[in-house]
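Enquirer: would you be able to build a 3D model of this:
(one chain, ligands or ions: 1)
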Amino acid sequence: MQVDIGNALASEADPGIGRSDLDDLDERVADAHDRIARGMADDDFGYASLNLPERTDAAEIERAVDGFDPEAVLTVGIGGSALGAITITEALAGDSPVDHYALDNVDPAHVTRLLDDLPLAETVVHVVSRSGTTAETLANFLVVREAMDAAGVDWSERTVVTTGEAGPLRELAETEGLPALDVPEGVPGRFSALSTVGLVPAAMMGVDLEGLLAGGRAGADALADSLYDCPAYAYGAVAYALDERGASVNAMMPYVEGLESFAEWFAQLWAESLGKDGGGQTPARALGATDQHSQLQLYRAGPRDKLVTVVRPAERPDCAIPETDVADLEYLGGQDLGTLLDAEFEATEASLAAAERPSVRIEIDAMDAESVGRLLYDMEVACVVAGELYGVETFDQPAVEWGKNAARGLLGGGDFEEAEAVAEKTELVVE
Ligand SMILES: O=P(O)(O)OC[C@H]1O[C@](O)(CO)[C@@H](O)[C@@H]1O
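Expert: Below is the predicted model of the structure:
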C-alpha cells in the first residue's frame, strides 16, 4: 500500500501544513510508535487489535463453517460487528456464487422485505455481538429465527454465533448447541474485521482468509519509528496535523465500487475512536467518481475545513468504451472505463490542489485479499497513531452508552429516569 501525502502539503492556506510541520511531528510519532509497540507486545486492550493478523486462526473459522453450503449468508450484527464482514465481502466476494446480506438496522420495512426475499432454507445466519446484549442485533435475530420457523426451516441448523464469553447470545448458543466462535479478547468491535467477527461470511463465500491476514501482517511488518517510513503512520499523522490546522472533516472517497462500504467501516473506526474530549475529525463517506457530481463542489469551494482521502487500486479490469462519432465524444471512444475513472481520480486531486485544498492519495496494489487486508490493517494503525497524537483513549466508546440506556428505558427495559426527560422534550411541531 502506498500513501502519497504530497497533496496534503498543498498550500500554506489553512488547513495547510508544510513539510516542517511534519518534521516537527515526526518525533511525537516515534514516541507513539514506542507506545504502540509496547502495547502490542503486552497484548494490551485495544493494541491487541494490531496483533490479529498473527493471532486469528483462519483454519478454525474454515472448520466452523465447513459443513455449510449456503446460497446466501446473512450477517446479523451492528457497528463493528457487521461493518467488517460487509466491507470484506463487498470488496472480495463479488464473484462468489454465495450472496451476502446484512441486517445492521431495525427498520421493519427493510427487515421484512429482506426476509421475504431471502431463500431462508439455503441461508446461513452469522449472529455477531461482542457484548451479546446489543438490542438491535438480538431483536433482529429473534425476528430472523421466527421467520425461519415460519418457513419450516430449522434455524438452529443454519446459525453460527460469534460473541463474548458471557451474555444472552453465548447462553443461547450453548442451550441450542449452535456453532459458536469467540470474539477476540481486548479488541474493540471496530478493530475486529481481521478476526472471527469479520471473516466468517468471507469464509463461506470463498474469500482467501490467509491472504487477508497476510496483508495485515505486511502492515505490521511496515511499522517503523518515523511517519516517513510507515504509510499507516504517515496517514494518521497527516490527518491529525491537518485537523489541528482546521481540517475537521475527512472525506473518505474510494474510486472503486468494491470499497464503498470500506468508507462506512472507516467512518466508524475514525469517529468512534477519535471523537473524544470535544475533538476528533468527522469522517464523510463518498465514492468516486459518483460524488464528484454531488460533493466535490463543497470540497473544492466550501469551507476550508476538509481533508479529502482518495483511494484506488493500481490495477483495474478492462472495459472498453466503443468508438463513437457522436460529436464531442470522440475522445471517449477506444478508451477504457478504468482509464476514465483514473483520469477522474487524478483530475479530482488536481482540482483540489488548484484550489489549495489538501488531499491524500492511498493506492493499493489490486482488489485482492492481501491488498484489502493491508488497507484495513493500515487504517487501524493510522487510527491508533492519530489517537496517540490527539492524546485520547482510542479504544473505548463511552458516549454511546447514554443513548443505549435511553432507548432501553423508553422501552421499559431499564430504570432510566432520564428517559422520561428525553420523552418530554420541548415540542415545536411544524405541519
Ligand atoms: O458487538 P456488540 O457488543 O453488539 O456492539 C456493536 C457495536 O456497538 C458499539 O459498542 C457502540 O454501541 C460499537 O463499538 C460496536 O461495534
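Enquirer: near the ligand, which residues of the stretch 301-431 of the chain show up?
Expert: Residues of the stretch 301-431 of the chain lying near the ligand by CB under 6 Å from any ligand atom: 397, 400. Any C-beta I mention is one placed from the backbone N, CA and C, and that applies to glycine too.
Enquirer: OK, contacts around residue 312?
Expert: 254, 255, 256, 288, 341, 342, 345, 361, 362, 363, 364 (CB atoms under 8 Å, 6 or more residues apart in numbering).
Enquirer: what sits against residue 395?
Expert: Contact analysis of residue 395 by CB under 8 Å, 6+ apart lists 45, 46, 49, 188, 191, 273, 387.
Enquirer: shouldn't the first one be in contact with residue 191?
Expert: It refers to residue 45. No: Residue 45 is beyond contact range of residue 191, at 10.6 Å (criterion: CB atoms under 8 Å).
Enquirer: tally of neighbours for residue 235?
Expert: Look at residue 235: counted by other CB atoms under 10 Å, it has 25 neighbours.
Enquirer: phi and psi next, for it.
Expert: Reported as degrees, to the nearest 10, the phi and psi values for residue 235 are phi -70, psi -50.
Enquirer: and it, how far from the ligand?
Expert: Between residue 235 and the ligand the computed distance is 22 Å (CB to the nearest ligand atom, to the nearest Å).
Enquirer: tell me the secondary structure at the residue nearest to that residue when sequence neighbours are not counted.
Expert: Distances taken as CB to CB, 6 or more residues apart in numbering place residue 382 nearest to residue 235, at 4.3 Å, with adjacent residues excluded. State at residue 382, reduced to three classes by DSSP: H, G, I helix; E, B strand; the rest coil: helix.
Enquirer: ok, residue 382 - contacts?
Expert: 232, 233, 235, 236, 239 are the contacts of residue 382 under CB under 8 Å, 6+ apart.
Enquirer: please redo it, this time with the cut-off set to 7 Å
Expert: Contact analysis of residue 382 by CB atoms under 7 Å, 6 or more residues apart in numbering lists 232, 235, 236.
Enquirer: what strand or helix carries the last one?
Expert: Right, the one you point to is residue 236. If you go by DSSP states H and E, residue 236 is part of helix 231-244.
Enquirer: ok, then the element right after that helix?
Expert: Later in the chain than helix 231-244, the nearest helix or strand by DSSP H and E is strand 249-254.
Enquirer: that following strand vs helix 231-244, what angle?
Expert: Going by axes from the mean of the first three to the mean of the last three CA atoms, to 10 degrees, strand 249-254 is angled at 140 degrees with respect to helix 231-244.
Enquirer: any chance you could list what contacts the helix or strand following strand 249-254?
Expert: Using DSSP H and E, the helix or strand that follows strand 249-254 towards the C-terminus is helix 260-274. For helix 260-274, contacts defined as CB under 7 Å, 6+ apart pick out 79-80, 83-84, 86-87, 90-91, 190, 193, 250, 252, 254, 280-281, 283, 285-287, 379-380, 383, 386-387, 390, 392, 394, 397.
Enquirer: swap the cut-off to 6 Å and go again
Expert: For helix 260-274, contacts defined as CB atoms under 6 Å, 6 or more residues apart in numbering pick out 79, 83, 86-87, 90, 190, 252, 254, 280, 283, 285, 287, 379, 383, 386-387, 390, 394, 397.
Enquirer: after that helix, which helix or strand is next?
Expert: Immediately after helix 260-274, counting by DSSP H and E, sits strand 282-285.
Enquirer: adjacent strands (with direction) for that following strand?
Expert: strand 249-254 (parallel) (DSSP bridges).
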